[in-house]
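> predicted model, plus sequence, below.
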Amino acid sequence: MRRIVVNAELSPAANTGNAPGGVGHSIAHESAHKHVRGTAEYVDDLPLLPGTLFVATGQSAKPHARIRAIDLSAVKSASGVIDVIVQSDIPGKVDVGPVYLGDPLLAGDLVEFIGQAIFAVAATSFEAAQRAAVLAKIEYEELPAQLTIEDSLTAQSFVLPQHQLLLGDPDASIETAPHQLSGEIFVRGQEHFYLEGQISEARLTEDGGIHVISSTQHPTEIQKLVAEVLAIPLHLVVAEVRRMGGGFGGKETQAAPLACIAALFAQRNRRPVRYRMPRRDDMIQTGKRHDFLNRWRVGFNREGKLLGVDLQLAGKCGYSPDLSEGIVDRAMFHADNAYFLNSARILGLRCKTHTVSNTAFRGFGGPKGMMAVETFLEDIARQLGMDPLDVRKANLYQPGADETPYGQKIEQHVLPILIERLEKSSDYRARRIAITEFNNTHRHLKKGIALTPVKFGISFTAKHLNQAGALLQIYTDGSLLINHGGTEMGQGLYTKIQQIVASAFGVSVNRVMVSSTRTDKVPNTSPTAASSGTDLNGMAAKDACDQIKADLVSFACEHFNLAPAQIIFKNDLVILGENQLDFPAFIKLAYINRVALSATGHYRTPKIHYDRATAKGQPFLYFANGAAVSEVTLDCLTGEYKVDQVDILHDVGKSLNPAIDIGQIEGGFIQGMGWLTTEELLWDEQGRVISNSPANYKIPTAFDVPEIFNIELFDEPNLENTIHLSKAVGEPPLMLAISVWAALRDACSSTTNYQFSPRLDTPATPERIYWALQDCVAFNKTAAVKPGTTEEDFNVTT
């Protein structure tokens, strides 16, 4: 039976006006009923305009080659084809790289991954465009291709320069430590597998502009790149997003090429254009979570405390930079996870490969950095004969041991208390004893358990992105319309903004409507990413509310001869001393007296800074924390396993909406579990993605959800002045799933009497579990034979 537990019924936050369904209440997602009824509109649900064209692209068949000749005559003459474009047909900028150059909209004379778009076709139907796109004849001159991280390291080929964090003298600390160890782990990437694939629609406007409706996390980037590709000013381009059917980072930069190609065809043909990628094209042509190869040397004492760490993080970036600078930076910033490294060197490498450029994915590099420290802490525990939890607790950041390798001090020490509470509530110690007894009496079934923490920094590491705007309008019937720069991808951002605005005026959430994100309403928006959507846009919305509210209070003081303290917005009423008006009547009165009922709000995150030259600063405003206990059972004969129970205690500050936060924790954990167990990204030896459909890429299903799934919110306000003292919840829960991987490794280790932890690269598929067990067999054969054991006892898979 699946159990979800919320720590307590949270009361509305202070000064929220006791609004029905306001801040702190578990109200339903604003589109929940539409989702269930199928009336929530996505881009491909929009009615087709007359004359709409559909797009497909012709793709490279080689990972690295020069194009010697291209014959598109068969493409152009194919049934239904209206237009075909190549790079030379682009009137403006060819490169659509988000930060650095390197991402041509269409390839020129050089291709750098299999699937790269060389030309694009616009036809009268989706099927006609797809059929025509494969008719091109292309001659290539093949060039040497780097397909793996190892290839890149050997060639010393990188998309961007390396970056290093340094704390103390790690070489000396490691050399003088009583114990040392070294190792590596290969952590594979992950396909986003959003339910709604990549799609954009472009429509001409009467003044020569373009209206783009896109499934994107970054409308402003769509606006900017479309304008640059078409060589028109930004004010002639409007990008709009009502909702996405999932994003997970995969629609932060990857949506732009579709919007640009659709807009270019719309401009050339003066017809509406829709470009939807088939799932297979989406999986071949768009970036994924980076593979990482993490290597380390560590020194530690007899109590398991780290004395020095030398860590190299090498990310598989693909053929261009995309967002890899920030992704590898964040991996480096999270290589400590929750632990004081004492003395450390962390080197980040951005490896160039002739594969699709990898991109943002929930956690943005953080999960990959954490995997290294969690791996070698377990290795330390086995070497010293300790419970891995005790080694983890011994190394937690504490007052006096609180400086990160990048110079930021940990100011809110949540994890020691949180872990202690979870250890008790999950009955970890008793379960550990019971599991050991089970393993001693069961030959082919083994159980494992692990408790792992998460400390995740909240803010964009690119400082300028830490800002947001909002536009609030109050109408004379008392209804409110809020527009902001964040995008809704199912995470509940619109719902939380609705609650924040309702609480500001003490009205029911039903009075508040959140409208589609549009660049002509709120300009220069940041992407909805880095778990900062509510932090940034919620504060911008509140700023707009505060401005209007201040004007309304000033009006009421003058009109009713009252002091500000006598005016209270509460329960859809405005209390005016001894009297009161309902909210609509008060708003109408304010309008009659010419009070402004609209305002633009703005917010920028304070305190944050980072100097790349010194590799020191405070890149994060605060940290979100959590911990999870996972218990698994595996079959030593096959490597198959089951997650039996998960217990989570997660820090969200003062929750804006406990139900939505619980949903984010559930979803993030299961997505993280998929990344670490079943979702295997694979390329063949020619550099072709072979995990390119649901048939050969396995995301978790409802059957993978643990039967016992306990989630509690750690109810402690944020010390920083965030929106109603809440904390971000989008990305951190994904990394709680590291506990599942650690529990599987623990179960394998039990076959060696917990003396040895086998290497377990991710994802930990049944095949990898099987080979990890074979490593345990090899260890047992070299270990001292206990009295009464036989050769057959060593082979757990016999």
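Great, that's in hand.
> going forward, measure contacts and count neighbours with C-alpha atoms only.
Noted.
> which stretches of the stretch 601-750 of the chain form strands?
Along the stretch 601-750 of the chain, counting by DSSP state E, counting those that start in this stretch, strands occupy 609-611, 616-618, 622-635, 641-651, 708-714.
> would you say Gly538 is within a strand?
No: going by DSSP: H, G, I helix; E, B strand; the rest coil, the assignment for Gly538 is helix, not a strand.
> how near is it to Asn718?
Remark: distance between Gly538 and Asn718 (Cα to Cα, to the nearest Å) = 15 Å.
> ditto for Val159
Distance from Val159 to Asn718, by Cα to Cα: 38 Å.
> how many neighbours does Val36 have?
A count of nearby residues for Val36, using other Cα atoms under 10 Å, gives 9.
> check Ala344 too.
Ala344, neighbours per other Cα under 10 Å, totals 27.
> what's opposite it in the beta bridge?
Leu167, Val309 (DSSP bridges).
> now do the contacts for it.
For Ala344, the contact set (Cα atoms under 8 Å, 6 or more residues apart in numbering) comprises Leu165, Leu166, Leu167, Gly168, Asp169, Pro170, Gly308, Val309, Asp310, Leu311, Pro405.
> could you redo the last one with a cut-off of 6 Å?
Residues in contact with Ala344 (Cα atoms under 6 Å, 6 or more residues apart in numbering) are Leu166, Leu167, Pro170, Gly308, Val309, Asp310.
> Cys260 reaches Val226, doesn't it?
Yes: assessed by Cα atoms under 6 Å, Cys260 is found in contact with Val226 at 4.9 Å.
> so between those two, which is more surrounded?
Neighbours were tallied for Cys260 and for Val226 using other Cα under 10 Å; the higher tally belongs to Val226 (32 against 28).
> how is the protein partitioned into domains?
32-40+467-604, 44-144+192-285, 292-460+615-793 (automatic domain parsing).
> now do the first one, average pLDDT.
Translated: domain 32-40+467-604. Domain 32-40+467-604 comes out with an average pLDDT of 98.
> now the terminal residues of that domain, how far apart.
Distance across domain 32-40+467-604, first residue to last, is 31 Å (Cα to Cα).
> re the thing from before, what subset of the contacts of Ala344 is buried?
Leu166, Leu167, Pro170, Gly308, Val309, Asp310 (16 or more other Cα atoms under 10 Å).
> do you know how far the third one is from Asp379?
Separation of Pro170 from Asp379 (Cα to Cα) stands at 19 Å.
> where exactly do the helices run in the stretch 301-450 of the chain?
Counting by DSSP state H, counting those that start in this stretch, the stretch 301-450 of the chain has helices at residues 324-333, 366-384, 388-394, 415-425, 428-441.
> in TSV, list the strands of the stretch 601-750 of the chain along with mean neighbour count.
Output for those, formatted as TSV (neighbours: other Cα atoms under 10 Å):
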stretch	mean neighbour count
strand 609-611	15
strand 616-618	18
strand 622-635	25
strand 641-651	25
strand 708-714	20
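> now those strands as CSV including mean pLDDT?
Shown next, in CSV, are those (pLDDT from 0 to 100):
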stretch, mean pLDDT
strand 609-611, 98
strand 616-618, 98
strand 622-635, 98
strand 641-651, 98
strand 708-714, 98
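> closest to His179 out of those?
strand 622-635 (27.8 Å; Cα to Cα).
> I'd like the distance from the closest one to the chain centre, please.
Relative to its chain's centre, strand 622-635 lies at 18 Å (Cα atoms, centre = their mean, to the nearest Å).
> quick one, that strand and helix 415-425 angle?
30 degrees (axes from the mean of the first three to the mean of the last three Cα atoms, to 10 degrees).
> what packs against strand 622-635?
If you count contacts as 3 or more Cα pairs under 6 Å, 6 or more residues apart in numbering; DSSP states H and E, strand 622-635 packs onto strand 445-458, strand 641-651.
> redo the strands of the stretch 601-750 of the chain as TSV? Include distance to Leu147.
Output for those, formatted as TSV (distance: least, Cα to Cα, whole Å):
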stretch	distance to Leu147
strand 609-611	33
strand 616-618	33
strand 622-635	33
strand 641-651	32
strand 708-714	40
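> ok, which of these comes nearest Val512?
strand 708-714 (27.1 Å).
> now for the closest one, which elements pack on it?
By 3+ Cα pairs under 6 Å, 6+ apart, strand 708-714 packs against strand 641-651.
> list the contacts of the strand it packs on.
With Cα under 6 Å, 6+ apart as the test, strand 641-651 has contacts from 625-634, 706, 708-714.
> go again with 7 Å.
By Cα atoms under 7 Å, 6 or more residues apart in numbering, the residues outside strand 641-651 that reach it are 422, 426, 624-635, 706-715.
> what's around Glu716, how many residues?
15.
> one more: the one 10 residues further on?
With neighbours defined by other Cα under 10 Å, the count for Ser726 comes to 26.
> could you list the low-pLDDT ranges of this protein?
1-19, 784-798 (pLDDT under 70).
> please redo it, this time with the cut-off set to 80
1-20, 784-798 (pLDDT under 80).
> hang on, the earlier thing: which stretch among the strands of the stretch 601-750 of the chain comes nearest Ala78?
Short answer: strand 641-651, nearest of the strands of the stretch 601-750 of the chain by Cα to Cα, at 51.1 Å.
> strand partners (parallel or antiparallel) of that closest one?
Strand 641-651 has its sheet partners listed here by DSSP bridges as strand 622-635 (antiparallel), strand 708-714 (parallel).
> the helices in the stretch 101-250 of the chain, which residues?
126-133, 149-155, 170-175, 219-230.
> which other helices and strands does the first one contact?
Spelled out, that is helix 126-133. Under the contact criterion of 3 or more Cα pairs under 7 Å, 6 or more residues apart in numbering; DSSP states H and E, helix 126-133 touches strand 53-59, strand 117-123.
> show me the contacts for Asn466.
Ser459, Phe460, Arg604, Thr605.
> over to Ile174?
Per Cα under 7 Å, 6+ apart, neighbours of Ile174: Gln180, Val298, Gly299, Leu307, Gly308.
> of those residues, closest to Ala117?
Distances from Ala117 to those, taken by Cα to Cα, are shortest for Val298, at 44.4 Å.
> what sits against the nearest residue to that closest one once chain neighbours are set aside?
Excluding the flanking residues, the one nearest Val298 by Cα to Cα, 6 or more residues apart in numbering is Val309, at 4.5 Å. Neighbouring residues of Val309 by Cα under 7 Å, 6+ apart: Pro170, Arg297, Val298, Gly299, Leu341, Ser343, Ala344, Arg345.
> the fifth one and Leu311 touch, don't they?
No: assessed by Cα atoms under 7 Å, Leu341 is found out of contact with Leu311, at 10.9 Å.
> between those two, which one's more packed in?
Using other Cα under 10 Å, the more surrounded residue of Leu341 and Leu311 is Leu341, with 30 against 27.
> list the contacts for that one?
Leu341 neighbours (Cα under 7 Å, 6+ apart): Leu306, Leu307, Gly308, Val309.
> how about the first one, what does it touch?
Counting by Cα under 7 Å, 6+ apart, Leu306 makes contact with Gly299, Phe300, Leu341, Asn342, Asn395.
> by neighbours, which of the residues you listed wins?
Greatest neighbour count in the contacts of Leu306, by other Cα under 10 Å, goes to Leu341: 30 neighbours.
> where does that one fall, phi/psi-wise?
phi -80, psi -10 (degrees, to the nearest 10).
> any idea how far it is from Phe186?
Distance from Leu341 to Phe186, by Cα to Cα: 21 Å.
> tell me which of the domains of the chain lies nearest to Glu150.
Closest to Glu150 of the domains of the chain is domain 292-460+615-793 (Cα to Cα; 8.7 Å).
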